[in-house]
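J.: Give me the fold of what follows.
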Amino acid sequence: MPLEAGIGPENPPCPACGEPLFGWVPAGEVAGEEIRRCERCGMAVAGEPGDAEAALRELDRLATGAAPRIPNRASFAASMGGAGWAALEPGRRCYFTADAAGRLLGVRGQVVRGGRWALGAGVAAMWQTLLNGFTFGRNLALAALGRAEPAPATQTWQRRLDGLITVVVAFPALLVALPMELGAATVGRGAVLTLRVESG
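T.: A predicted model of the protein is given here:
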């Protein structure tokens with residue numbers, strides 16, 4: 001059965017490739033809206049997917065100079081982390097892969113010629129994803145470094161415990177995150193990619 005047969009109110013079309021979006025992270029886990037992902041291009045969308053132009057505008061916001069830098073939804077960190085993936089932030093709607101970005105940019109006559117793994121950002125994302133597995137809140141370490149939007153726990157005791165856990169686990173988690181992210185990048189599944197975009 002083709003994927004197109006799954007399109008319906010619960011599985012709206014992907015803005016990048018038009019295939020149905022299926023449930024990935026339940027509503028309330030991150031920002032109150034369900035996050036769906038595409039089986040073909042790998043893109044994920046929080047809430048209503050919108051159209052290709054809306055997704056392109058969000059992709060443009062991730063650009064540093066002419067090159068979009070994307071938290072890679074096809075990364076090992078995203079697959080392993082699920083709702084704890086460090087890139088999931090309130091207010092962000094689209095989570096791209098190189099394939100999805102290429103499809104979207106193709107509308108403008110641009111071509112993605114590949115992606116360069118961002119070493120520091122990739123290791124940081126893997127590290128925070130691992131830490132999120134130990135805490136009630138999310139992205140606390142990267143937020144303390146000014147590199148992410150925190151999602152603190154709701155209860156005071158949880159926030160206090162999260163602070164202690166983050167301090168105690170931070171260094172051991174880094175020792176695990178570094179080889180994990182290096183291995184993921186070796187097989188093309190690094191956590192953060194800087195895309196090489198050219199005019200078609």
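J.: what helix or strand is Gly81 on?
T.: helix 76-81 (DSSP states H and E).
J.: Tell me which other helices or strands that helix touches.
T.: Applying 3 or more CB pairs under 8 Å, 6 or more residues apart in numbering; DSSP states H and E, one finds that helix 76-81 contacts helix 119-132, helix 156-186. The way it works is simple: take the backbone N, C-alpha and C, and place the C-beta from them, glycine included.
J.: residues making contact with that helix?
T.: Residues from elsewhere that reach helix 76-81 (CB atoms under 8 Å, 6 or more residues apart in numbering): 71-72, 85-87, 95, 122, 125-126, 129, 132-133, 180-181, 183-184, 189, 191.
J.: Would you mind measuring from the closest residue to Val197 other than its chain neighbours to Ala63?
T.: Nearest residue to Val197, sequence neighbours excluded (CB to CB, 6 or more residues apart in numbering): Gln110, at 5.3 Å. From Gln110 across to Ala63, the span is 12 Å (CB to CB, to the nearest Å).
J.: between those two, which one's more packed in?
T.: Counted by other CB atoms under 10 Å, Gln110 and Ala63 do not tie: Gln110 has more neighbours, with 17 against 14.
J.: Please look at the more buried one and Leu195 and confirm they touch.
T.: No: in this structure, Gln110 is not within contact of Leu195 by CB atoms under 8 Å, at 9.8 Å.
J.: Could you tell me which residues within the helix holding Gly81 count as buried?
T.: Within helix 76-81, the residues that count as buried by 16 or more other CB atoms under 10 Å are Phe76, Ala77, Ala78, Gly81.
J.: Next: stretch 138-151.
T.: Neighbour-count burial for stretch 138-151 [16+ other CB under 10 Å]: Arg138, Asn139, Leu140, Ala141, Leu142, Ala143, Ala148, Pro150, Ala151.
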